[in-house]
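S.K.: no sequence on this one, just coordinates:
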């Protein structure tokens, strides 16, 4: 298994009290290195605008980059909702986070190696023309489009177990028969999208979760409302938006998963990949804002991703 990351992803600063901070990534790398997991570390390359433009218009991305301040931080949304921040070191962090998924796609298709992209900023809230929810480029969506263009992959499934709905991913693929998107998320909660009647062209599968839900009930709902329709879709590649904010310790949500639940969730995804996708899976870090929960959840997730399971 390969882990893509880069020191540039540590340089993005959102403010001292912001939940999306560099310590998230540091805790992940530290916990993996102190575990018995056998992984190869690779540096995430910079994504190029041509590939990003498979999802986001160049002018939109150039506008984001033109708003990067020379010092301090600025929010891209209107006050009082400005929590998607730009700092002087934002550009390379954003491009590395996207580039990790593109490089991962090459490793997956050429060597059939599973990959985890340990990157920040995250991506699943980024819409075609709107940065929001800490996200600027939809990393997983760009990777999906790259796989389709470069490797002629016909059917891709994106499975999102972040506690917040991936409004960006849904918006990008809402009318696309070639990409299935399945999401489990607390509802109602930011960003307010992801109702179960949002079905796209029969390719969108939303599982809404009530606050206080425990792991056993989560997995039952996830299997029924997300994995079963993905199984019927028969994807050639599965991409995972891996958020760890459904953990009981997380400060931004109210779902009560234990760390070990992320192993079961991941293994159930991998089982479908073995049936339909030749085991081909790439996972992308999204949310997760309690460092202990994130460190523990990542190890469970990577153990679930291990090829021999």
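M.R.: Thanks, I have the structure now. Since we're looking at a predicted model, the values are computed, not measured.

S.K.: For residue 109, grab the count of nearby residues.
M.R.: With neighbours defined by other C-beta atoms under 10 Å, the count for residue 109 comes to 17. In short, each C-beta sits where N, CA and C put it, glycine included.

S.K.: How about residue 1?
M.R.: Neighbour number of residue 1 under other C-beta under 10 Å is 16.

S.K.: Likewise for residue 293?
M.R.: With other C-beta under 10 Å as criterion, residue 293 counts 23.

S.K.: Make sure it is actually in contact with residue 247.
M.R.: Yes: between residue 293 and residue 247 there is a contact under C-beta atoms under 8 Å: 3.8 Å.

S.K.: can you list residues touching both of these two?
M.R.: Common contact partners of residue 293 and residue 247 (C-beta atoms under 8 Å, 6 or more residues apart in numbering): residue 259.

S.K.: in the chain, which residue is closest to the centre?
M.R.: By C-alpha atoms, centre = their mean, the chain has its centre lying nearest to residue 241, at 3.0 Å.

S.K.: How far away from the center of its chain is the top helix by length along the chain?
M.R.: The residue-count maximum for a helix in the chain (DSSP state H) belongs to helix 90-111. Relative to its parent chain, helix 90-111 has a centroid offset of 13 Å by C-alpha atoms, centre = their mean, to the nearest Å.

S.K.: Buried by neighbour count: which residues of that helix qualify?
M.R.: With burial defined by 16 or more other C-beta atoms under 10 Å, the residues of helix 90-111 counted as buried are 90-109.

S.K.: Could you do stretch 50-66 as well?
M.R.: Neighbour counts over stretch 50-66 (16+ other C-beta under 10 Å) mark 51-52, 54-56, 60-61, 64 as buried.

S.K.: from these, which is closest to residue 216?
M.R.: Distance to residue 216 across the buried residues of stretch 50-66 (C-beta to C-beta) is lowest for residue 55, with 36.3 Å.

S.K.: element containing residue 272, please.
M.R.: When elements are assigned from DSSP states H and E, residue 272 belongs to helix 261-276.

S.K.: Name the residues of that helix that are buried.
M.R.: When burial is assessed from 16+ other C-beta under 10 Å, helix 261-276 yields the following buried residues: 261-270, 272-273, 276.

S.K.: residue ranges of the strands in the stretch 1-150 of the chain, please?
M.R.: 2-5, 40-43, 74-75, 85-86, 115-117 (DSSP state E, counting those that start in this stretch).

S.K.: now what about the second one, what contacts it?
M.R.: The list of residues contacting strand 40-43 from outside it, by C-beta under 8 Å, 6+ apart, reads 1-6, 103, 107.

S.K.: Reformat those as CSV; add distance to residue 160 and pLDDT.
M.R.: What follows is these, written out as CSV (distance: C-beta to C-beta, whole Å; pLDDT from 0 to 100):
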residue, distance to residue 160, pLDDT
1, 21, 94
2, 21, 97
3, 20, 98
4, 19, 98
5, 21, 98
6, 23, 98
103, 21, 98
107, 22, 97
